[in-house]
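S.K.: Next come a sequence and a model predicted from it.
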Amino acid sequence: MASPQPEIGWPRLCREEPRLDELAKEARRFRTTTAEDANFCRRQTWAAQFAAPVAALAGWTRQSAHGPEWLRSDEAHALARKKILRALPPCRGCNCPEAEEVVNG
Ligand SMILES: [Zn+2]
């Protein structure tokens with residue numbers, strides 16, 4: 001929070017890159033579609049389905065030349081990652097030792 005620049009913020013991020021908002025909604029949908037499943041792994045789902053598309057949209061790995069420069073910042077990537085991880089249902093039955101640290105880190 002000691003950043004000299006104004007905070008990016010999720011609404012601003014989604015305004016510049018609406019695909020991130022779509023990904024967050026997709027992530028949230030797992031709460032319904034996996035509600036009956038005994039096992040769900042937030043980390044695995046993130047890694048398999050969200051990590052690459054998020055990296056292509058936010059952070060230095062961003063593939064589009066469109067949009068403001070701050071979309072390429074680590075801060076933009078960290079915020080998108082946090083939001084989408086939190087939209088996913090929590091781990092259950094997968095024995096993740098540090099499920100919460102993944103979300104907070
Ligand atoms: Zn897990």
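M.R.: Good, I have the coordinates.
S.K.: Report the buried residues of stretch 11-29.
M.R.: 13-14, 16-17, 20-21, 23-24, 27 (16 or more other Cβ atoms under 10 Å). Any C-beta I mention is one placed from the backbone N, CA and C, and that applies to glycine too.
S.K.: What residues does the protein have near the ion?
M.R.: Residues of the chain lying close to the ion (Cβ under 5 Å from the ion) are 41, 43, 91, 94, 96.
S.K.: any chance of these in a markdown table, with pLDDT too?
M.R.: Listed next are the residues of the chain next to the ion as a markdown table, based on pLDDT from 0 to 100:
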| residue | pLDDT |
| --- | --- |
| 41 | 95 |
| 43 | 93 |
| 91 | 93 |
| 94 | 91 |
| 96 | 88 |
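S.K.: PyMOL command to pick out the buried ones of those residues?
M.R.: Provided next is the PyMOL selection string for whichever of the residues of the chain next to the ion are buried by 16+ other Cβ under 10 Å:
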select buried, resi 41+43+91+96
